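Visitor: Output the structure for:
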Amino acid sequence: EYFQGIYANKMRYSLKQTFATMYQGEEFGVDAFGCEDDLEDLTLEDCIKAYNDMLINDVINISIVGDVDELDVNLILNQMFNFSPRKKELKLIDDSPKPQRNPQELFESQNVSQAKMVLGYQFPAYYSTEDYYKAVVLNTLVGNGPESLLFKRIREELSLVYFIGSVYDQNKGSFVIYGGINQKDYHNVQKEVENILLDVKNMTYENKFLLIAKKAIVSGL
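Guide: Here you go, the predicted structure:
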């Protein structure tokens, strides 16, 4: 049902295909739930083995909420659970060296009324690095909200898309622009996106958009 749900939701499916293409050969390109074909050979014994392996090797986080005493809680947990010591460090940020890739286009045809467009980028701006907050502001400025450059220009002024937005992943440094479009408008939308990103790069957009983006981030906090 999970995999059928992805295919039925064409935007999710398009994002999944984009990441699989962008990060071919990397763990980030693999769905956390694997692929549908793997289910055919999966057995109960496989699941039990994986579960026991997680108990022995994986990092385990237990959240206790309320007015509690830390020493008492630790004592209770140690009595209830017999977790073996583990040395694995949880690594959320994938800052491994990235291969230089040439831009590529991927098209897939399906019988749908609304085409989906995804433009994927990546830059070395991760959480806890100097460029993290710049990336957060960039994402909000470009496409994360109704006051963003993409929405104002491509959706409201030109009416070239049904919807458009962007999302930034702080653990991978990926930056994705997505939208629902008419297939015939693909190249026009792509060109307008490129123009907006060029304006951001050259800082030739109206300064009010930057102020609005920063206010939106503060308000969200």
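Visitor: What helices and strands are in contact with the helix ranked longest in the chain?
Guide: Ranked by residue count under DSSP state H, the longest helix found in the chain is helix 186-202. Secondary-structure packing of helix 186-202 (3 or more Cβ pairs under 8 Å, 6 or more residues apart in numbering; DSSP states H and E): strand 115-122, helix 132-142, helix 149-150, strand 174-181. (C-beta placed from N, C-alpha, C; glycine too.)
Visitor: Kindly export the helix or strand bottoming out on mean pLDDT in the chain (C-alpha atoms) in PDB.
Guide: The helix or strand of the chain with the poorest confidence is helix 2-8; it has a mean of 85 (mean pLDDT, DSSP states H and E). C-alpha atoms of helix 2-8 as PDB (Å, rounded to 0.1, in the frame of the first residue of the first chain):
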ATOM      1  CA  TYR A   2       2.900   2.300   0.700                       C
ATOM      2  CA  PHE A   3       4.500   1.900  -2.700                       C
ATOM      3  CA  GLN A   4       1.100   2.100  -4.400                       C
ATOM      4  CA  GLY A   5       0.400   5.300  -2.600                       C
ATOM      5  CA  ILE A   6       3.700   6.800  -3.900                       C
ATOM      6  CA  TYR A   7       2.800   5.900  -7.500                       C
ATOM      7  CA  ALA A   8      -0.700   7.300  -7.000                       C
END
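Visitor: what packs against it?
Guide: Using 3+ Cβ pairs under 8 Å, 6+ apart: helix 2-8 touches helix 10-22.
Visitor: so after the helix it packs on, what's the next helix or strand?
Guide: Once the chain leaves helix 10-22, the next helix or strand it forms, by DSSP states H and E, is helix 44-57.
Visitor: Contacts for the helix or strand following that next one, please.
Guide: Using DSSP H and E, the helix or strand that directly follows helix 44-57 along the chain is helix 70-80. Helix 70-80 is contacted from outside by 62, 64, using Cβ atoms under 8 Å, 6 or more residues apart in numbering.
Visitor: Give me the average confidence score over helix 70-80.
Guide: Mean pLDDT, computed over helix 70-80, is 90.
Visitor: Low-confidence stretches in the chain?
Guide: For the chain, applying pLDDT under 70 flags the ranges 88, 90.
Visitor: can you tell me which residue is nearest the centre of it?
Guide: residue 169 (4.7 Å; Cα atoms, centre = their mean).
Visitor: can you give me the angle the longest helix of the chain makes with strand 174-181?
Guide: Per axes from the mean of the first three to the mean of the last three Cα atoms, to 10 degrees, the angle that helix 186-202 makes with strand 174-181 is 140 degrees.
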